[in-house]
Every structure is written in structure tokens, then in C-alpha cells.
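Trainee: Okay, structure incoming, though there's no sequence with it:
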């Protein structure tokens, strides 16, 4: 498999990993979001959804392992790329004209990504860990709405979702570009779909804490 | 004065090259790698030669002062490349291309060479297409052709307005492949400063490493120069900033004859000067004259803007003087007339340019039609001048563009110095006194791809070589000379900059050895150049160190050579008591103001032999025209 | 003439040698708005030479925007603020009297500074040597019209081939990536029928050399396209990615 590691460690190989893992995460986010939206339907709906997941625990565990690998690859690879790219650039220009050349979404993937990573850690700690390791049945709906009643937590959550939107807006079309699917006819459409996806994902995820913070009085 | 042997093979012109190729001696394939060949210059001619020789198995050492072969000025050629493919079925043939080239060169080129050029022209297109050069195509997928420079047939292949770029990148890719294979070793950022002779043969070169200033020596069995033309002697020309004559001039001073140095081509449609700090002139396609009308104010010193000059105070001088050709008179006539009206003080805004006005064409054809035809040229004009040519007339002025003269070579492209070959614009061979449009690219590639690979083999196979390495006495002597010259330039520490001298020389050349010359001016200018040369060596200020990247020093060396070459150009122009092609002597013109050749006395190549600074001997090569009948042109 | 002149303050990067520490140095110039920025530097250099000071080293050659030799970063932008031109085509009328202009060399690890504003771009040559050609020897090729090529394909190949190798893409990229340059050459030959036989080997070899030379990885910010004087499209990069993916997975090359 020498050729494979050469391939995957090449500059384009690393990009392909980012694109592949990114696309998988984009799909994961859709599923995650659909599950989360059951929160709007009330405690029963959400807890039923969570309970259903419990029933298929072995499958969920396998998916979780795969997701972990995907996340690790995306994050680790992203960090390595950022670091080697910084070294490849060397010193910066005295005048920063980046805003004339690029858009903010493309420029800031490392920053948005880093904050999303912090969010992810907190997110796992607040929701995933208790739901799996607290022992016995827990009221997941209560746990979620409890956290969202806290303005600081919700505020950070909403902020992270906005950045996630930034990240996705670049990532969606970027993945297609990396796979070489940039066609004069279709790429503008892909970019639009990406932006729409990014906005919807960010809005819908963020709408949940907004709802529980402002309209549902913490319960 | 000696008659030069051009070594033209016997037989009918159609068979000369074929027979000659058969008669040439071959180098055994296993022995080729034992021969070292130095190629200086990696433009179209040099890169194609180095690549082709490398493919054959020779040990090639290629030198360029650029950082990469892809920068050579061949890259700037816009129009196209001629070839006698006759794809459009409009009556072209090898013979017609040959005929047009000899006639266009005003009967001052060697018939046999030109015929060979036309003969291999088709192969060039095949070769370039195989390399992936993206020529323009028809909807059916086959190659497109256009008519260029007033030719009666459409034989010009083109790649948008960037033909030179695409051809050079093709040759560069072939060269890169050989570099990778190790058959060619590339020495970039090296400037040749001397030719080294041993046992009467060219056996190597001395170069300056431009990065660190080290003087380096390289030996070989043969030296190929493909270092381009010398239009920059005028300071302002369409040539690139670094194009220079140093390599051929050093070779000339080592014994190579310089042929027809006075044949220079001035292009009529260039962007005019904007001020004293202007560094070069930019060429715009001649096609502009198809729809633009050339005029100047009738009154001298009229500084009104064009829009305020009423119709009856405008002088459409080309239409007036040449009613049948009007604005489409040949390059030299259009250029000469522009300078004449400007010298009378009637230039646009009283300065040195004439108007090229599209107002009538826009009225007649509509702005859209003009935009379709010339959109990119108008854009380029606006980028450079900041003026909108759809609204105000363009200003144009002629500029030196190409030098037909160069080192003398025989049919094998070898100079009179054994082992010294000269290709492309650096030699004198194929264009006579005037080059046709789209023929420069053709000649560079013909020489490099299809001539030198054969003829150099014959030289190597039939020559006895003694072992000469860079440790040879000649290398030591020449290296010392080069080092002393560098030291001398740096030690003058005068008051004037290199550019000051170059600009001064350029003005002298432009005014007196430019597009119209006369005996009085030439005699004066020879003295003036000598004086300027003396001043240069007393008063130039070359700042910086020798063992460092020093661009001022690079330029100083080149200008020092121009100060000698400029004189030779004037000497040649003075001796040639006739007008032909790019050489126009005011004393020798027809009643209509046309160039008047003197075939009886000047039907020869003037090849100058260097004796000492300011002193040359003239050698002649008689030119015989067996296939193209001598005729005088007329454009009235 | 002098009445129209612009008075400008220049901050020019001076660095005596590759290893030396560089710094900006201030110069004041008065220049005609019709001059190009390189002509302004010519004039400055002549003034410096008159005072026996070392002139500013910068590279340029054709001054028509086609040779790719010149390349300065002007106020943070390779080839300056006007799109689709090379440095030599930037005229001073685009600046205002009293402006301060920062002039720097291209910056990327793979383009080390040689002196002042001149950088070493020989890494580009190395990439071309790795496979930026069609392996045909001189002679023995078919007649040019035996290879018909669809006009649109030929035109697209030309768009890619228009690259002048100036390196502005690398200079503009925050990652110092050479993807636009490499992709342009790979695209030209991937599109043309002549390039098919070496298609896979070419892209593998050129990408490997690109990585070896120390260029960064593309993160699709498209700064390269924005600064390219010839408007080379990032669609070329997409094509390069695709070519590389297919070649890596399907070529016979199993060497590490």
C-alpha cells in the first residue's frame, strides 16, 4: 500500500481527505438536525426519538466509532494542512489585501473550525457523555432544555452555529471543487445549494436554543 | 576584402537541401554523447536546437541569462507563424513562400537558405501541434489560417494574439524534457561574456553567473549562439529590457563576421513616448491600419487636442501621398512618413506621434464591429495610455522592432569561425533587408528544429579535435580579460548612469541611423558615437560589487558593446550607397520616394571583420538570383 | 509635465542577500501618471546610481505582460490593484498624489528572495521538467491536420496554456500553493488529444514535484484566480484534483 500512503499524504491527497470527511459530516449534520428538530414537538417526541436510538445501540455505537474517525481525520488533517501551509507561505505582506482577493468564509476555515472544535468538546460533554454514561435512564429532553435555559450556554451555542454556517458555506462548494466537480454549468448551482444548506443548517440548529431561551421559558 | 564561401550545395534549388542532408557526414549514435555542444540563448531558436540536439544524444549545455528559458523575448511575438501548408487551398506552395520572402527581403537574402526555410516550414507546424501547441482551429477541428502582413495567401498559423508565447512554451517543454533526461544541462542566469577559441576553433565560452558574479568557463566541441537581435541599441525598441547583443558582439570581436548590421526593421504602429522615463515601446498589431486613418495637423506646432482640429486642417498624409495603398502602405514607408511629419513639427499635440483615427470606421461600421475586430488592442491601448480610442484618436509612432542583420553564417548556419553556429535573429541569413510578418518565428524554429541538428553533426564528424578543457590556456586568458573588463567598469566611478549613456546613444541612432539615413548624418554620427564611447569609459558610474547580483553592471557591459555595434551599423549604412528594405538612404530614392536599390554594385552581403575598436574590414558574399527575378517595388 | 506629476512615498523591501534580514526603506518620488510602476523604479534607480547608492533590484523583461518575469507585490497584491495585468502594465495614474505605496517581493517558501524584490522561481521549471510536456522528439510526427481537435476544446486548452508562469498565484495564496500554475499545464494536456498517452504519469509526477518543492496545499480560497494576470480559472484546479485522483487510483505506478 506504499502508493496509497504516497497518494494520501500528497498535497491533493490531504485535500481529498478533507473533502471526503467534510461531505460525510455534512450528511451527518442533516441527520443530527432532523433528530434535534423533534425538540420542537415536545418532550415525548424527543425522548421517543432518543429511545429509538437506544434500541439500535450496537449500530449507533458502530456509527459513533466511524463518526469519531471522520471527525478526527477532518480535524487532525485540517490542523496539519494549516500548519504546513503556514510554513509554505513564510512571512506575510506588510499590507493585508486578502479581503480584495478572497471571501471571508474561505479565509477563516481554521478559525471557524477551531471554535467549532471547542464547541464540539463542550457539546459532547454536556449531552453525549451524560446520555451514555450517567447510568440508568435520563430525561434527555430535560437535560437539553435545561442547558438551553442558560443564556451563556445558549449564546455560545448560537455563536458556534453561525460559525458553523460560515464553515459549511465554504466547505460545501470546496468539497466539490476538490473532487474536481467544477463545471461551468453546474458549479454556480452547487455554490448556491451550499450557501442555502449552510444557512438552513445554522439557522435551524440555532433556532432550538433561541426557542427554548426566549419562548419556552426554560421548560 | 575577401569573397565569402556560403557553401551552397549544387543542384536545382528544390533538391539542394535533400541532397545536402544525404551528403552530410553522420556521427555514430554511440559517439554522440562524447560531443559537448554549448547553446547560448534559449528562445525559440536556442530552445528548439538544444532540445533537438539533446534528443539526438549529444551532450548539450544550454545557457540563458533569464531565470527560465520560458522568459525569452520570442514569447512576445503576437501575429503568427508562416508555413507553406496550403491548407486553405489558395495557391500557396513552398516556392511561393520562398518567392515572397526573397522579394519581401528586397533581394538581399540568400536564395538557397530561404528556399530551405520555406521547405521545412510545414514540418514546424506538425512538430508544434504534436507538442500540444494550441493553434487556432476551425469548427471542423482542423487548423485555421489567416493572411498576414499583406500576403496574398492565408499561410499564417496563429494562437490568438500569443503565437510566440505558445511556440516558445512548446520549445521550452521539449527542452524541459531533455533537462529531466539529463541530455541537456541548463545553466540559467548566466550571461555569455566571451567566446573562447582554441586551435582556430570555437571551443567554449566564458560566462558571468548573474547571481553571484562568479566568472565561469565552459568548454565544448561546438558553440551555438541563438541570442536574438540588437534593436535595443536604439534604447527604445519593442525588444525586451534585457535583449542584448553582447554574445554576438563578443563572438564578432573574436573573429566572426557581422553581416548587414544596418538592416533594421522599424514597426509603424507602436505606442508613442510619454516622457523621458519611458523604458520601452509597445507594439500594436498592424491590422489596426485596416480601419484606422492616419493624420496629423496641417499646421506645424498645432497643440490643440484632436477633437478641436477641423477636418480641413487635418493632413491624411498617407492617403494623400499614396492614393492606391493609403493607410496600408508597407511598414517602412508608413514609418518613414510618420517621422517626417513629426520632424516638421506637425506631430499630434506638437509631439512625436501621429493620429490613428477610427472615427470614420466607427461611423461606417458601428462601434460594435470595431470592438469585435480590435477590442483587445483598444483595451491594451487604454491600459497603457489611459485614453479611450473609441472617443479620441489613438496616437502611434514607429519603433525599432527586428534586426535582419547579424553574424554571417554559411548554408550550414556556421559562421566563418569553425565550430561557431548562429541561429535565429542572431544570424543574418533569411530575411535579407526586410523581414515579412510572421516569418521570425518560422526562421527561429526552422534553424533550431530542422537545420542545426543535421549540419552540426557534419561539422563534428568531419573535424579533428584536440582535447580542450576549461583548463586550457585560452580559457585562462579570456577569463582574465572578462574579469578585467568587469573591474574596469566598476572602477570608473564617474557621474553619469548607464541609462544616461544608453539613452544618448539611442537618440543618436534613432535620428541618424534610424529609418532614414544620409551620408552627412552617418558621417557625423560615427564621430559622435566614438566620442560617446570615450565618455562612457571615463564617466560612467557603475554602482555595486562584481561578486554579487548587480543589474547595473549587467547593463553597463551591454551598453559598452552597443557603443561599438552602433558605430558599425553606421559604417555599414554609410558604405551601402543604395536603399533596400529596412535600409533607406535619402540620397537613393525614386521620384516617388521609394527605396532605390543598386543591384549592380550592392547585390551582396556586407560581412564586417573586426580589426580593432572603430576599425573593420569588409568581406562580401555575392548574391545570385536564379529563381526570383530582380524587380523594384512600387506602392503608389 | 512636472505639474501633473504625482508625489509618492514608497516603502520598498530591501534585502541584500537571500539569508540577510530585509526591511522596508522609504523613498520619495515624483513621477508622471503616464509612467508604469517599473519605469518609476527605473527612474528611482537612476537617481540612486547618481548618488552612488545601490539601486533596487527587481526583475522585468518584456514589459508587455507576457514574459512573466516581473512580479511585485504592491500594497499587498501581486501585480497591484488592477485585475488581469502584470506589474509592468500597472500605470501610475491609478494612484493618487500623496499615496504611500508598499512594494514587496513575492512571498512563499518555495520562492526564496534573491535580492531586494527578486525571487527565485526555478521551482516552476522543476515542475515542468517533471512532466509538463508531450514526449515527442523532433521529426517523425504526423501531419498537423491529422489530429483534429474540437474548436471549443482547443480554445479551453488555450485558456489554460495562456499561463505566463509569473508565480502571482503562489504569491497571492495564503498557503503558498502552486496549484493554479500546475493545474493550468495539466489541464492543457489533459484536454488535448496529444496529451492522452502520458496523462496519468504526467499528473502524478508534476504533483509529486510540486510537493517536493515546498509549495502549500490548496484550500480553495481562490485568491490565485483573483490575482492571475491572465485570468486562469480555478476550474483548472478542479480538473487537476480529478486527474490526480483518477491517476492515483488507476495508474500502474506502485512505487512509493
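Mentor: That came through fine. Here the structure is a predicted model, which means the values were calculated and not measured. Numbers count the residues shown, from 1 in each chain, chains lettered A, B, ... in the order given.
Trainee: burial measure for whichever residue of chain A sits closest to chain B, as a count.
Mentor: Ranked by C-beta to the nearest C-beta, the top residue of chain A for proximity to chain B is residue A:184, at 18.4 Å. C-betas here are computed from N, CA, C, even on glycine. Look at residue A:184: counted by other C-beta atoms under 10 Å in any protein chain shown, it has 9 neighbours.
Trainee: Please report how far the closest residue to it other than its chain neighbours lies from residue B:42.
Mentor: Nearest residue to residue A:184, sequence neighbours excluded (C-beta to C-beta, 6 or more residues apart in numbering or on different chains): residue C:235, at 7.0 Å. Residue C:235 sits at a distance of 31 Å from residue B:42 (criterion: C-beta to C-beta, to the nearest Å).
Trainee: Comparing these two, which residue is more hemmed in?
Mentor: residue B:42 (34 against 20).
Trainee: Can you tell me, leaving aside adjacent residues, what's nearest to the more buried one?
Mentor: Residue B:42 sits nearest to residue B:69 (C-beta to C-beta, 6+ apart), 3.6 Å away.
Trainee: Is it correct that the one you found is in contact with residue B:186?
Mentor: Yes - counting by C-beta atoms under 8 Å, residue B:69 does reach residue B:186; the two are 7.2 Å apart.
Trainee: list residues touching both of the two?
Mentor: Between them, residue B:69 and residue B:186 share these contacting residues under C-beta atoms under 8 Å, 6 or more residues apart in numbering or on different chains: B:42, B:62, B:175, C:125.
Trainee: Could you count how many residues lie near residue 94?
Mentor: Since no chain was named, I'll use chain A. Neighbours of residue A:94 using other C-beta under 10 Å come to 14.
Trainee: should've been chain C
Mentor: Residue C:94 has 14 nearby residues by other C-beta under 10 Å.
Trainee: who touches it in this structure?
Mentor: Contact analysis of residue C:94 by C-beta under 8 Å, 6+ apart lists C:80, C:81, C:82.
Trainee: ok, now residue C:219?
Mentor: Listed by C-beta under 8 Å, 6+ apart, the contact set of residue C:219 reads A:15, A:81, A:85, A:106, A:109, A:174, C:174, C:175, C:177.
Trainee: Now it: which helix or strand?
Mentor: Following DSSP states H and E, there is no helix or strand that holds residue C:219.
Trainee: Secondary structure element holding the nearest residue to residue C:212 once chain neighbours are set aside?
Mentor: Leaving out its chain neighbours, the residue that sits closest to residue C:212 by C-beta to C-beta, 6+ apart is residue C:126, at 8.0 Å. Assigned by DSSP H and E, residue C:126 belongs to helix C:122-131.
Trainee: how about the residue nearest to residue A:184, phi and psi?
Mentor: Torsion angles at residue C:235 (phi, psi; degrees, to the nearest 10) stand at phi -60, psi -30.
Trainee: Please tell me how far it sits from residue C:245.
Mentor: Residue C:235 is 16 Å from residue C:245, by C-beta to C-beta.
Trainee: on that earlier part again, against chain A, which of the contacts of residue C:94 make the cut? List them.
Mentor: residue C:81 (C-beta under 8 Å from any C-beta of the partner chain).
Trainee: Considering the contacts of residue C:94, which is situated nearest to residue C:70?
Mentor: Within the contacts of residue C:94, the smallest distance to residue C:70 is 10.7 Å, found for residue C:80 (C-beta to C-beta).
Trainee: What about that closest one, how many residues nearby?
Mentor: Residue C:80, neighbours per other C-beta under 10 Å, totals 25.
Trainee: so the residue nearest to residue A:184 makes contact with residue A:182?
Mentor: Yes - taking contacts as C-beta under 8 Å, residue C:235 lies within contact range of residue A:182: 4.9 Å.
Trainee: returning to that earlier point: quick check: what element follows the helix holding residue C:126 along the chain?
Mentor: Using DSSP H and E, the helix or strand that follows helix C:122-131 in sequence is helix C:151-161.
Trainee: So which elements touch the helix or strand following that next one?
Mentor: Once the chain leaves helix C:151-161, the next helix or strand it forms, by DSSP H and E, is helix C:168-172. If you count contacts as 3 or more C-beta pairs under 8 Å, 6 or more residues apart in numbering or on different chains; DSSP states H and E, helix C:168-172 packs onto strand C:77-78, helix C:179-191, helix C:223-227.
Trainee: Can you tell me which of those is nearest to residue B:204?
Mentor: Nearest of the helices and strands packed on helix C:168-172 to residue B:204, taken as C-beta to C-beta: helix C:179-191 at 34.7 Å.
Trainee: and the helix or strand residue A:77 falls within, what other elements does it pack with?
Mentor: Residue A:77 belongs to helix A:57-89 when elements are defined using DSSP H and E. Where contact means 3+ C-beta pairs under 8 Å, 6+ apart, helix A:57-89 is packed against helix A:11-36, helix A:109-123.
Trainee: Export those as TSV, with columns for mean neighbour count, mean pLDDT and distance to chain C.
Mentor: Shown next, in TSV, are those (neighbours: other C-beta atoms under 10 Å in any protein chain shown; pLDDT from 0 to 100; distance: least, C-beta to the nearest C-beta, whole Å):
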stretch	mean neighbour count	mean pLDDT	distance to chain C
helix A:11-36	18	97	4
helix A:109-123	17	96	7
